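J.: sequence and predicted structure below; questions after.
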Amino acid sequence: MPSPDAVVIDANGVDSLITSLRAQGFRVMGPVVANGAIVHREIRAAEQLPVGWHDWQEPGSYRLSHGDDGEMFGWAVGPESFKQSVFPSRAVLWRARTDGQERQVEAPVDDAAPEAFFGARPCEVAALRVLGGVLAGAASPDPVFTRRRGTAFVVTVECGRPASTCFCTSMGSGPGAEADFDLALTELAGPAGRFLVRVGSERGAAVLSGVASRPATADDHRARDEVLGQAVAAISRTLDADAAPGLLARNLEHPRWDHVAGRCLACGNCTLVCPTCFCAAVEEKTDLAGTVEQTRRWDTCFDLAHSYLHGGSVRVSTRSRYRQWMTHKLSTWVDQFGNSGCVGCGRCITWCPAGIDITEECAAIAASDGAVKTNEPTAVRDR
Amino acid sequence: MEEMSELIAKNSLFAGLPDSTIQLAVGCAQNVTFEPGARILVEGEPADTLYLLRRGRVALQVQRPSGKPLVIETIGPNSVLGWSWLVPPYRWQFDGVAIDPVGAVAIDGTCLRAKADADSVFGYALLQRISGVLLSRLQSTRVRLLDLYGHSLDD
Amino acid sequence: MTSPEHASPGPFVPSRYRVVDRKTETSDITTLWLEPVDRPIAPYKAGQFNMLTAFGVGEVAISISSAPDAPGPIEHTVRDVGAVSHALASSEIGTVVGLRGPFGTDWGLESLAGHNVVVVVGGIGLAPLRGAMRYLAENPAPDRKVVLRVGARLPDQIVFPEEMERWREMGVDVEVTVDVADADWKGHVGVVTQILTELPFDGAGAVALVCGPEIMMRFSARSLIDLGVSPENIRVSLERNMQCGIALCGHCQLGPFLLCRDGPVVPYAPLAAELITEIER
């Protein structure tokens, strides 16, 4: 719960925050413009942030534009999420060396420096919560995730300019942030460089204490409410999150699956950009010295080998693989982990080369709930 | 000592059919026994008997040039042995060898066909029952074709 | 600098176990007896599995085939179907393998008290049920009859034939059928559902434990239901691609189940029936 002592800082204050975090030993990961997109890199100063940059997102389309408005966070989300920080795309699980006659097995030491997630959107914070439900909530929690999430300092920045592909409001994950952060920033409208800062933890308060600020007034809080209100109004896509689990569970033979299979390339982009996808393939390799290394790398359920069982794969068709992804994300995830796997960030819609929209697919199935793929003959003649 | 009609009515092929139907079969039936090892059915020989097994098991076998004969199915008590009397050329397709001492009701095939020709209600009821058993055996045989315990077609 | 989380090796790191004995059961099935080099794994229950590592080749989920409270080495019966299982099945005595476990749901032996039990297995399916069968045979109860129906391809592909004979002597109603045989075989020839046409007790109230290829489990379940066994009382052992065994890698999902956590033993009704009939899940 944010402390009642909210403050307002300016652009220099943002810079001080970054400096302060670095001084405390955090590797600050923040948004920067690179290769035509807003991605996460290590940052040292506020000037590296995407000041004046705005994004335009549609199904299968992502563009950036630049203006003189000086807004630091006038964009929604880029293709990357902070999942990479807590759940790296490659990790060594163990190594086995042969010591003379005996084989010794050892766990690698995870000595990555603690990170600060600077500019994590509320949907990202929600995604970390969802990932935590899978990786830390298991009977055998993932040690790397547990450590890195535990040490991570989260500076969330609430959304003022959602993209057309966003639907966080449907998933209860934005545009505002209420929990699981150390500091929450809201870029207020009006003259550039005014940020309301709410505190979410003692650590957050400690870091903030080194930054020049003034106490937030009632006007400042109203300004924040306005930003969030405008963001909510700007969000156009919706998904009925409560109805989705049952809807998909009873429509596994809906003709819509064939419809989407005709468009889906099974490229797996959606799983790559999704902040909650967690499938990982385990592989073993040996070097010439006989050291065996077991590693884990991100996998995608769109890959044919994902469902391999001796003799072949279970999910051979694109139809079955798309259906697996969508029903898992919105329906069976709830059975498995107790909450939805989707946070409404819209990345899967933006980054799908075929422009497939999960909200549209859900709506299409709901519109003819109960329809079944027909097995009727295509033609019937009396003679 | 059981009446022939009771013995026939006990077998799954005739169980539940009306007495009048059972009586038609009685007229073609006699009690038989076989020692273990007896070749009840001989491949290629004229097929003229329907056996309602009462006790003991029969192995359906196929002879081959070298090696022991192969067993392709075991027919057990309360089931039925022998269909080739039903359709031309009326010749056994396999051997049927008693594994245990076998007791059965042997129903003459020619007699049964004649009664079915004369009484289509009886004929239809008989064929319905026979079809059921054949369907079940075909399905089981198809499942064995899948070679479930071995290597699949994809290996 | 190591933090407290790294004092324990973590759930991905295997314990070392040594092969102390091995037996070739059939042309492609081998049983290994394993003893711990490091700390032994936690006590396991019948039906659970371990992740076995053939160092340098990979890791695979294998059911535990020893009885839960039997002293001595842990037993795993492995069928050679791929690179990892091949490496395990060909392990000589003295080989060190990796082992993580025990994982998954069990057959629920405690819940069998007072119920008649039908066990239906095919192929290597008896291996995950061997621990349970030993328990049932060695702990007879007057209010519990035990029936075992076994299917195999050929007579020389039957696993644990001597043990089945022992169970028969201990009062278990055992029947075995093969797909095809030569005339030396005096047993049943036919598919396993053909020896599931009657039970020596009322199906209602009985519990069935079924393990084998999925097609065989489907057909056996239908036969059991025809015999009056309640679908909720039929327990099947399901299998999907398992890579971590600890519900973290996402591969073993089958609808709402994570089979390494919510399975492999699942009740046939309400969900498994639909899941294993629908292809491409």
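T.: On my side now, so go ahead.
J.: every contact and neighbour count from this point should use C-alpha atoms.
T.: Will do.
J.: what residues are up against residue 133?
T.: If you meant another chain, say so; for now it's chain A. Residues near A:Gly133 by C-alpha atoms under 8 Å, 6 or more residues apart in numbering or on different chains: A:Phe337.
J.: wait, I meant chain B there
T.: By C-alpha under 8 Å, 6+ apart, the contact set of B:Val133 is B:Leu13.
J.: roughly how far does it sit from chain A?
T.: Using C-alpha to the nearest C-alpha, to the nearest Å, B:Val133 is found at 29 Å from chain A.
J.: ok, now how distant is that residue from B:Leu126?
T.: Using C-alpha to C-alpha, to the nearest Å, we find B:Val133 at a distance of 11 Å from B:Leu126.
J.: which parts of the stretch 101-250 of chain A are helices?
T.: Under the criterion DSSP state H, counting those that start in this stretch, the stretch 101-250 of chain A contains helices at A:122-135, A:143-151, A:168-171, A:202-208, A:218-234, A:244-249.
J.: redo those helices as JSON lines? Include mean pLDDT and distance to B:Met4.
T.: Shown next, in JSON lines, are the helices of the stretch 101-250 of chain A (pLDDT from 0 to 100; distance: least, C-alpha to C-alpha, whole Å):
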{"stretch": "helix A:122-135", "mean pLDDT": "98", "distance to B:Met4": "69"}
{"stretch": "helix A:143-151", "mean pLDDT": "96", "distance to B:Met4": "76"}
{"stretch": "helix A:168-171", "mean pLDDT": "98", "distance to B:Met4": "75"}
{"stretch": "helix A:202-208", "mean pLDDT": "95", "distance to B:Met4": "94"}
{"stretch": "helix A:218-234", "mean pLDDT": "96", "distance to B:Met4": "86"}
{"stretch": "helix A:244-249", "mean pLDDT": "97", "distance to B:Met4": "57"}
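J.: most tightly surrounded among the ones you listed?
T.: Ranked by mean neighbour count, the helices of the stretch 101-250 of chain A are led by helix A:122-135 with a mean of 24 (mean count of other C-alpha atoms under 10 Å in any protein chain shown).
J.: can you tell me the centre-most residue of the chain?
T.: As the question left the chain open, I've gone with chain A. A:Pro275 (2.4 Å; C-alpha atoms, centre = their mean).
J.: let's do chain B instead
T.: Centroid check for chain B by C-alpha atoms, centre = their mean gives B:Leu81 as the closest residue, at 1.6 Å.
J.: contacts only, for that residue.
T.: B:Leu50, B:Tyr51, B:Leu52, B:Leu53, B:Ile75.
J.: quick one: residues contacting the first one.
T.: Right, B:Leu50. For B:Leu50, the contacting residues are B:Val80, B:Leu81, B:Gly82, B:Trp83, B:Trp85, B:Ala106, B:Ile107, B:Asp108, B:Gly109, by C-alpha under 8 Å, 6+ apart.
J.: helix, strand or coil: sort out it for me.
T.: Put simply, B:Leu50 is strand when judged by DSSP: H, G, I helix; E, B strand; the rest coil.
J.: which SS class is A:Trp94?
T.: Strictly by three-state DSSP, A:Trp94 counts as strand.
J.: what about it, how many residues nearby?
T.: Other residues within reach of A:Trp94, judged by other C-alpha atoms under 10 Å in any protein chain shown, total 21.
J.: with that, I have no additional questions.
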